[in-house]
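K.L.:
Structure, please.
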Amino acid sequence: MRFWESEVKKYERRVARIAASPDPTKLASNRLLYQIMLDNRRMRLAAWDAGERFVYTGGGVPFRLVRAMGVHQCSPGFEGDRAVGSTDKYLGEVRRLGYPEYGCDRVMAGMGIVLSKELSPPVVAISGNYPCDPENYSAAALATACGCPHYKLDIPTS
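P.N.:
Purely as a prediction, here's the structure:
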């Protein structure tokens, strides 16, 4: 199963559970956030199925810039954050392929999702001048692994 398919199922369950039995001690915005995440996952799956292109970026790359390129943005680190329950699987894939065992688990798990072919392959990987070495290095590693170009952008912070 592709990663975003499992994400759709997860968020469908959460939204349905909240709708069926709302907890008065929880904010209504929780359900809205899960609905946004569900819509986002469905949109990404539809784009992947339609053959649309994805660019992998880290947190420091302006998403509007990527969108202006006519492609979809995907952050393996962000996806790794959501791999709760499957982290061991994805970290195992990274280690099986010879990547180092040390590093940021969220970024390494994201790499594992990509290397497991459970995310759309990137057409370009972009890193920026933000202070997250694991994300920067993983962008270069994923570009090599996926056979796509890697660019590092120097983006002003102000």
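
K.L.:
Give the phi and psi angles for Ala50, as a check.
P.N.:
phi -80, psi 0 (degrees, to the nearest 10).

K.L.:
hmm, I was thinking of Cys146
P.N.:
phi -100, psi 0.

K.L.:
What is the burial count for it?
P.N.:
17 (other CB atoms under 10 Å). Placement of C-beta: from N, CA and C, glycine included.

K.L.:
Give me the pLDDT for it.
P.N.:
pLDDT recorded at Cys146 is 95.

K.L.:
and the gap between it and Ser120?
P.N.:
As judged by CB to CB, to the nearest Å, Cys146 and Ser120 stand 10 Å apart.

K.L.:
for Gly70, same thing?
P.N.:
Noted for Gly70: a distance of 15 Å to Ser120, by CB to CB.

K.L.:
following the least confident helix or strand in the chain by mean pLDDT, which helix or strand comes up?
P.N.:
When each helix and strand of the chain is scored by mean pLDDT, DSSP states H and E, helix 63-68 comes last, with a mean of 80. Counting by DSSP states H and E, the next helix or strand C-terminal to helix 63-68 is strand 72-74.

K.L.:
returning to that earlier point: so for Gly70 and Ser120, which sits in the more crowded spot?
P.N.:
Per other CB under 10 Å, whichever of Gly70 and Ser120 has more neighbours is Ser120, with 22 against 9.

K.L.:
mind checking the SS state of the more buried one?
P.N.:
Secondary structure state of Ser120, per DSSP: H, G, I helix; E, B strand; the rest coil, is coil.
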